[in-house]
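>>> Give me coordinates for this.
(chains A, B, C and D)
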Number of protein chains: 4
Amino acid sequence: MSSTYGEKIKISVFGESHGGGIGVVIDGLPAGKTIDMDAVLLQMARRAPGKDKTATPRKESDLPKILSGILGDTLTGAPLCAVIENTNTRSQDYGNLLSKPRPGHSDYTAYVKYHAANDIRGGGHFSGRLTAPLVFAGAVCRQLLAQKGIQIAAHIAGIGSVLDEPFDPVRIEPALIERLNRSSFALINEETEAAMRDEVEVARLEQDSVGGTIECAVTGLPAGVGGPMFGGVEGAIAKAVFGVPAVKGIEFGAGFSLASMRGSQANDPFCVENGKIVTETNNCGGILGGITDGMPVIFRAAIKPTPSVSQPQKTVDLQTMTNTTLEIHGRHDPCIVPRAVPVIEAVAAIAVINLLGD
Amino acid sequence: MSSTYGEKIKISVFGESHGGGIGVVIDGLPAGKTIDMDAVLLQMARRAPGKDKTATPRKESDLPKILSGILGDTLTGAPLCAVIENTNTRSQDYGNLLSKPRPGHSDYTAYVKYHAANDIRGGGHFSGRLTAPLVFAGAVCRQLLAQKGIQIAAHIAGIGSVLDEPFDPVRIEPALIERLNRSSFALINEETEAAMRDEVEVARLEQDSVGGTIECAVTGLPAGVGGPMFGGVEGAIAKAVFGVPAVKGIEFGAGFSLASMRGSQANDPFCVENGKIVTETNNCGGILGGITDGMPVIFRAAIKPTPSVSQPQKTVDLQTMTNTTLEIHGRHDPCIVPRAVPVIEAVAAIAVINLLGD
Amino acid sequence: MSSTYGEKIKISVFGESHGGGIGVVIDGLPAGKTIDMDAVLLQMARRAPGKDKTATPRKESDLPKILSGILGDTLTGAPLCAVIENTNTRSQDYGNLLSKPRPGHSDYTAYVKYHAANDIRGGGHFSGRLTAPLVFAGAVCRQLLAQKGIQIAAHIAGIGSVLDEPFDPVRIEPALIERLNRSSFALINEETEAAMRDEVEVARLEQDSVGGTIECAVTGLPAGVGGPMFGGVEGAIAKAVFGVPAVKGIEFGAGFSLASMRGSQANDPFCVENGKIVTETNNCGGILGGITDGMPVIFRAAIKPTPSVSQPQKTVDLQTMTNTTLEIHGRHDPCIVPRAVPVIEAVAAIAVINLLGD
Amino acid sequence: MSSTYGEKIKISVFGESHGGGIGVVIDGLPAGKTIDMDAVLLQMARRAPGKDKTATPRKESDLPKILSGILGDTLTGAPLCAVIENTNTRSQDYGNLLSKPRPGHSDYTAYVKYHAANDIRGGGHFSGRLTAPLVFAGAVCRQLLAQKGIQIAAHIAGIGSVLDEPFDPVRIEPALIERLNRSSFALINEETEAAMRDEVEVARLEQDSVGGTIECAVTGLPAGVGGPMFGGVEGAIAKAVFGVPAVKGIEFGAGFSLASMRGSQANDPFCVENGKIVTETNNCGGILGGITDGMPVIFRAAIKPTPSVSQPQKTVDLQTMTNTTLEIHGRHDPCIVPRAVPVIEAVAAIAVINLLGD
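Numbering: from 1, shown residues only, chains lettered A, B, ... in the order given. A predicted model of the protein is given here:
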């Protein structure tokens, strides 16, 4: 496996959903910077399950224990290791999964790659629970970014057929960012919440689940970050975002809708505003030639529906190599999109901090 | 800049559109394998400009000169370096670009990052011409993949509002792959060509350009390639595909449409077919938990319209920091999508060969 | 900091000598292989302090806690994280070090690089204690290597002026390897031990310390591992070995003595022995052109004397920028060479496992 | 093969001694810096063969052709590619090498790794000729370092039994550096030259060759460069230096002689000199805990004797798997040490520039 990211700030995630603990090592952090651990815990709470009907009833504290790298509230420069113990596990829920892979899950592919050795209980290292250390790492990175004036905020762009308003791509207010950064159901138009929760509840009652999209913005990045070809901002962010389980697509700026646009529409005209060069529109998502242009970097990620649904599903028996059906019991989110919002922000932060200082 | 990709087969692309030459070093190729150079040249010809009204009138031979790494038709194991000389350049076409950045191009961001040092003529290292060495490298990699039964084929999924048929995601015939691999206007339904060419011609006559999408399939990959988190197949391919200029989005399998699907629809049921485990549908694009499941890996890339349009455009004068307008003369493709098809195949090959043998 | 090594099996070491704990994440281990944890603990015990007069009186259990990556005795394929808690710390011993850097230590350079943020107590992340997780990681890697017939053994080649016999460079008996691998004072000629311990004791009584050399052999490597230039075996091993604190030199085969040899002496003649190509001598240390030739890979590392000596030493006061003197109290090894033997073996294992399977 | 080095300034060397050409791509160079190409050519001339009796009679121009990355004398920021054509090759000299590997050469190990595919003529990619692009890359890097006040100089520390004076490890005069940087037989004490040339001539007349050592100093490095463990200066330089063919050992500061020193001798006392912290001695080679202390970084590399000697040597016939003898004809240096001096400087520059800006 390769649960590592970054050449400058190197992230190495470890753990399995039902092992002794999960966590992350962050190597390369700058000595002397201060970290507000309460702000880190806030981000982790946003991701934590068990808050309401959109999330799994599993309770967990998810309080990270810092083994190294911080003295008081100051980074020492040594690799920072944070561990989250696994305390509330019910592995018997997963007893029949070894022979019948769950559709839409990694059971089958992990079985092929790691054989019987893969600790299937709860998804092992593939579990969504492994996003907790990602959020921890991202929370550290985004504080360092904020000290340079760079902010990251995401919201639920859509759940099923219910859509939030998009970001204004050329002007994102700090107050909005701050509000989103504290929300566990992050929306630009908060009146959308009820309809989204209904969408999830309907799916849940039908023993089903529902997907969605998340839109994320990075503001305050100066022009000139990134590079052409494989050094580009899009590739770096995409590589990080596809590290989040359930992400199946990413688009920057106008993204796929550029495919049906004319160049004269798609091109963002440059203009001078208050002595600074800006663009009138932001169809390029703040990135030209792989390099930031000083406008907000904006992308959307597609999140597939939770594959764990309670309905009977067709699958195979790996022992007998015959077709069969499977009913999944246990705890599952009918919609992981709200909890995925801080995760997307986190990996965006990890990607962006690695792009800086080249 | 970082025009490098890969840890196993390391690609390093060099060159500027109007310098002495462009090319690529491929480090890590296996000794003793044979390469059919005619097949390489065929791929380069598919990308080469000047063939018809959808492509730029610039003529170039694009014949690569091999400096090392091949003896006869056999890889020696040493780094393979191929150079393509720049012979047909008209840099005077670009005389006024230094002060007026072209909207949608990298002129401004390269100016900020590289200052006056950036060789702006023809886009410098940002030029689409730099995709020629990518196609070369990909053509070598895909021959090695083909020796393992892995095929890569892409087609124009859409230009503007005109769409081709999509791949059958669970069954892609070898004959179709072979036909697409030889086509310079690759379509599944060839009757779409006329409408697409019309779409481009209309845009051209209106001094405009048009974007599109490319769908790419990788067949023959065994189950078990890739890994969870940052070692996943999606991230590796996305990182490579965003290395191609003009790509602004990528989605795997059902991609963004998963966002409005239910889990019961999105999950691909497993079944046994001829003693082998397959899925009935392929909404996951052949990838579960970052690992291939043995079905075709399928993704779509969004290609923005060529930013060079002949219409007057709003921009700024970098010297005077005032608003102004710009008219672009010179040679440009009104639609680069057809020529981008072999480029997408090439970077997919580069990504896939680096995923194997982990 | 960059306490990471490897592209295939990625090692990420964390911790500070007097923080909450130290440990390591090993990413990329093959699923399904079994690990004998008792054998791992044996290697850690060889490195552990407090055994006799050559080692520090600090007691510590050094028992690693496995958080992930192993289920029972089997690697799951997920990143393996092992944590060793810090329980016996006496940070008051180090109270005066912040202002007076200890000669020969990293105090000054860490102060410059990490400022006051560096957790100086006990050397922080620079502490020799951080070699415990290295030994853990190496012990896992060498078991995987042993399953392929590759053995690694080192011995104290010299302490001060007392020298052990060198390895027979063309024939290293398995029984010798096994004996060395269990020894906490590893010698080829065990009769040398008394004289070496005397050398250390004399230095200790004079409030001084003493350095030495360690010779290490890797047997069972097939011919053909490594590559030319920066892909060579020497560079990979050297990079890993210089990761061990106190190492100041490395030489392969005849090493520095090659400088005064003639080519006709230095060249190792090839000959056929039992149908296999071997060399009559092994001045090249089993490596030609960066690639193994099938003979034992042999190298020697120079270990500087422990810089902590109880004698008064000249140093500076960083606050007043004046010359001063320093007396170091606390716990120190007068000679770390015996305990460094398993550390050198460990990093050799980490390097070698990353060279395989290219 | 992996002929690449660096994460910040990425070097990718290509070519074979008797192919179409050799060269290097340097990715990541800063835009806008000027490069004095005459100074680059001076360094290449120092390495070039055919100057006197210590060097091979093969003539070659070794004039690099710049394909990209420089416009006028200014770095554009794009990858710099330089090609040196192979014009003077006599591959028939190497006709019998495929079946009889030369002792001390990479013939056998390359045969095992790359099979018949390896282009054995002249050593292929293993040839010492491949150090020409290294010198080119190093010459570019050292100009960038010099613009920051960092100088690199090496000299022949010894050939056979004849030794030059060592550097004064605490004070290296700029005039000495400048003189060494222009010399093709670089010595601190120039009166040593005659004895060294005699040593080589005697070996040559006896159809033999001779090895030596090279001492290299990096001055002007600020304190605080590098890091602990695998991020250390020693490991980075060692990895680069072992990339040079024929290097079999490296030691920093007092190196292997530290093994027989006491701590009280080995420790370099700190003192304040002109308001700056320096050390009175420099046994640590300017590096403590993997981090520079502001004193000159000093290391020595062991160079094995040229393995090509004209005497009959014992080897094997790979076809018949029998013992046989071999006589090597063709062009060879009886001593490569003088020409290796600029190569060692070059790789030191490549390593150091990658250490900066972490």
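>>> Please, where are all the strands along the stretch 151-300 of chain A?
A:151-159, A:162-163, A:212-219, A:247-252, A:270-273, A:276-279, A:287-288, A:291-292, A:297-303 (DSSP state E, counting those that start in this stretch).
>>> Include mean pLDDT when you put these into a markdown table, please.
Conversion of the strands of the stretch 151-300 of chain A to a markdown table gives the following (pLDDT from 0 to 100):
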| stretch | mean pLDDT |
| --- | --- |
| strand A:151-159 | 98 |
| strand A:162-163 | 98 |
| strand A:212-219 | 98 |
| strand A:247-252 | 98 |
| strand A:270-273 | 96 |
| strand A:276-279 | 97 |
| strand A:287-288 | 98 |
| strand A:291-292 | 97 |
| strand A:297-303 | 98 |
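>>> Export these to TSV and append columns for distance to chain D and mean neighbour count.
For every residue, glycine as well, the C-beta is placed using N, CA and C. Output for the strands of the stretch 151-300 of chain A, formatted as TSV (distance: least, CB to the nearest CB, whole Å; neighbours: other CB atoms under 10 Å in any protein chain shown):
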stretch	distance to chain D	mean neighbour count
strand A:151-159	24	26
strand A:162-163	41	18
strand A:212-219	23	26
strand A:247-252	23	29
strand A:270-273	21	18
strand A:276-279	19	19
strand A:287-288	15	29
strand A:291-292	11	26
strand A:297-303	21	29
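>>> Quick one, which of those strands gets closest to chain C.
Nearest to chain C among those is strand A:247-252; the distance by CB to the nearest CB comes to 19.9 Å.
>>> Strand partners (parallel or antiparallel) of that closest one?
In the sheet, strand A:247-252 lines up against strand A:297-303 (antiparallel), strand B:247-252 (antiparallel) (DSSP bridges).
>>> Put together CSV for these, with distance to C:Glu280 on each row.
As requested, those are exported to CSV (distance: least, CB to CB, whole Å):
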stretch, distance to C:Glu280
strand A:297-303, 63
strand B:247-252, 57
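>>> so which of these gets nearest D:His329?
For D:His329, the closest of these is strand B:247-252, at 55.4 Å, according to CB to CB.
>>> quick one: which of the strands paired with strand A:247-252 is nearest D:Gly357?
Relative to D:Gly357, the nearest member of those by CB to CB is strand A:297-303, separated by 23.5 Å.
>>> I figured A:Val24 hits A:Ser12, correct?
Yes: in this structure A:Val24 lies within contact range of A:Ser12 using CB atoms under 8 Å: 6.7 Å.
>>> Number of residues surrounding whatever residue of the stretch 1-150 of chain A ends up closest to chain B?
The nearest approach of the stretch 1-150 of chain A to chain B comes at A:Ser106, 2.4 Å away (CB to the nearest CB). Using other CB atoms under 10 Å in any protein chain shown, A:Ser106 has 27 other residues around it.
>>> Could you measure from the closest residue to chain B within the stretch 201-350 of chain A over to chain C?
At 2.4 Å from chain B, A:Gly289 is the closest residue in the stretch 201-350 of chain A, using CB to the nearest CB. Per CB to the nearest CB, to the nearest Å, A:Gly289 is found 29 Å from chain C.
>>> Please verify my assumption that that residue contacts B:Ala110.
Yes: the criterion here is CB under 8 Å, and A:Gly289 meets it with B:Ala110 at 6.1 Å.
>>> that older thread, could I get the strands of the stretch 151-300 of chain A in JSON lines, plus columns for distance to C:Glu190?
Formatted as JSON lines, the strands of the stretch 151-300 of chain A follow (distance: least, CB to CB, whole Å):
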{"stretch": "strand A:151-159", "distance to C:Glu190": "61"}
{"stretch": "strand A:162-163", "distance to C:Glu190": "77"}
{"stretch": "strand A:212-219", "distance to C:Glu190": "63"}
{"stretch": "strand A:247-252", "distance to C:Glu190": "60"}
{"stretch": "strand A:270-273", "distance to C:Glu190": "78"}
{"stretch": "strand A:276-279", "distance to C:Glu190": "75"}
{"stretch": "strand A:287-288", "distance to C:Glu190": "66"}
{"stretch": "strand A:291-292", "distance to C:Glu190": "64"}
{"stretch": "strand A:297-303", "distance to C:Glu190": "63"}
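>>> quick check: mean pLDDT across the host helix or strand of A:Ala346?
If you go by DSSP states H and E, A:Ala346 is part of helix A:337-355. Per-region confidence: helix A:337-355 scores 97 on mean pLDDT.
>>> so does it get close to chain C?
No: using CB under 8 Å from any CB of the partner chain, helix A:337-355 stays clear of chain C, coming no nearer than 13.2 Å.
>>> could you pull out the helices for chain A?
With DSSP state H as the criterion, chain A has helices at A:37-47, A:107-114, A:131-146, A:174-182, A:193-205, A:233-241, A:263-266, A:337-355.
>>> Touching the fifth one from outside, list them.
Outside helix A:193-205, the residues that touch it by CB atoms under 8 Å, 6 or more residues apart in numbering or on different chains are A:53-54, A:156, A:159-162, A:164, A:185, A:187, A:209-210, A:305, A:334-335, B:262-263.
>>> list the buried ones in it?
Neighbour-count burial for helix A:193-205 flags A:193, A:196-197, A:199-200, A:203-204 (criterion: 16 or more other CB atoms under 10 Å in any protein chain shown).
>>> Reformat those as JSON lines; add pLDDT.
Below are the buried residues of helix A:193-205 laid out as JSON lines (pLDDT from 0 to 100):
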{"residue": "A:Glu193", "pLDDT": "97"}
{"residue": "A:Met196", "pLDDT": "97"}
{"residue": "A:Arg197", "pLDDT": "97"}
{"residue": "A:Glu199", "pLDDT": "97"}
{"residue": "A:Val200", "pLDDT": "96"}
{"residue": "A:Ala203", "pLDDT": "96"}
{"residue": "A:Arg204", "pLDDT": "94"}
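>>> which one among those residues gets closest to A:Ile172?
Out of the buried residues of helix A:193-205, the member with the shortest distance to A:Ile172 (by CB to CB) is A:Glu193, at 20.1 Å.
>>> who has more neighbours, A:Gly289 and B:Ala110?
B:Ala110 (31 against 28).
>>> so the more buried one touches B:Gly124, yeah?
Yes: applying CB under 8 Å, one finds B:Ala110 in contact with B:Gly124, separated by 6.7 Å.
>>> on that earlier part again, list the contacts of the residue of the stretch 201-350 of chain A closest to chain B.
With CB under 8 Å, 6+ apart, A:Gly289 has these contacts: A:228, A:232, B:105-106, B:109-110, B:126, B:245.
>>> Where does pLDDT dip in chain A?
A:1, A:50-62, A:88-98, A:116-123, A:358 (pLDDT under 70).
>>> Which residue, other than its chain neighbours, is closest to A:Gly306?
Gly isn't right for residue A:306; it's Thr. A:Ser209 (3.8 Å; CB to CB, 6 or more residues apart in numbering or on different chains).
>>> State the distance from that neighbour to B:Ala266.
8 Å (CB to CB, to the nearest Å).
>>> Between the two, which contacts overlap?
Common contact partners of A:Ser209 and B:Ala266 (CB under 8 Å, 6+ apart): A:305, A:307.
>>> Could you pull up the residues touching the residue in the stretch 151-300 of chain A that chain D sits nearest to?
Closest approach between the stretch 151-300 of chain A and chain D, counting by CB to the nearest CB: A:Pro228, at 8.1 Å. Neighbouring residues of A:Pro228 by CB under 8 Å, 6+ apart: A:289-291, B:1, B:3, B:106, B:110, B:125-126, B:130, B:245.
>>> ok, now with 10 Å
A:Pro228 makes contact with A:289-291, B:1-3, B:13, B:106, B:109-110, B:113-114, B:123-127, B:130, B:243, B:245, D:77-79 under the criterion CB atoms under 10 Å, 6 or more residues apart in numbering or on different chains.
>>> A:Tyr114 contacts B:Gly224, correct?
Yes: the criterion here is CB atoms under 10 Å, and A:Tyr114 meets it with B:Gly224 at 8.6 Å.
>>> Mutual contacts of these two, please.
Common neighbours of A:Tyr114 and B:Gly224, using CB under 10 Å, 6+ apart, are B:Ile291.
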